[in-house]
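**Student:** A structural model of the following input is requested.
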Amino acid sequence: MRNTHVWKTTTADGEKREVRAEKFGKRWRVQAKVKGDAAWTYYDDPLVEDLIELRDVLFRKYQRKHLSYEDLAAVEKMITDRGGSWEQTQT
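**Tutor:** Reported below is the predicted structural model:
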């Protein structure tokens with residue numbers, strides 16, 4: 001079963017960027033595209049910033065009981081494995 005999450009951000013240059021994260025099996029696949037680009041960029045090692053944003057999206061879904069804790073914990077582990085931290089983003 002596919003588990004897809006989409007969000008949009010603005011780059012430092014002011015361009016709109018769409019990011020998609022999809023879980024298939026136990027593997028996360030992250031892709032991104034800047035508005036105007038024809039093709040998606042697929043990340044074997046997603047950016048820590050994208051993983052932190054994914055964690056925030058998943059946490060909101062988890063609070064509403066639309067997501068399992070295992071999915072949230074897997075992304076948190078990916079962040080810490082890459083030396084990142086999501087705690088500073090919580091308010």
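
**Student:** what's opposite Tyr42 in the beta bridge?
**Tutor:** Gln31 (DSSP bridges).

**Student:** pretty sure it is touching Gln31, no?
**Tutor:** Yes. Using C-beta atoms under 8 Å, Tyr42 makes contact with Gln31 at a distance of 4.9 Å. Heads up, the C-betas are built off the backbone N, CA and C, glycines and all.

**Student:** between those two, which one's more packed in?
**Tutor:** A side-by-side neighbour count of Tyr42 and Gln31, using other C-beta atoms under 10 Å, places Gln31 first with 16 against 11.

**Student:** was I right about that one contacting Ala39?
**Tutor:** No. At 9.7 Å, Gln31 does not count as touching Ala39 under the criterion of C-beta under 8 Å.

**Student:** excluding its backbone neighbours, what's nearest Thr41?
**Tutor:** The shortest distance from Thr41 to any non-neighbouring residue, by C-beta to C-beta, 6 or more residues apart in numbering, is to Ala32 (5.3 Å).
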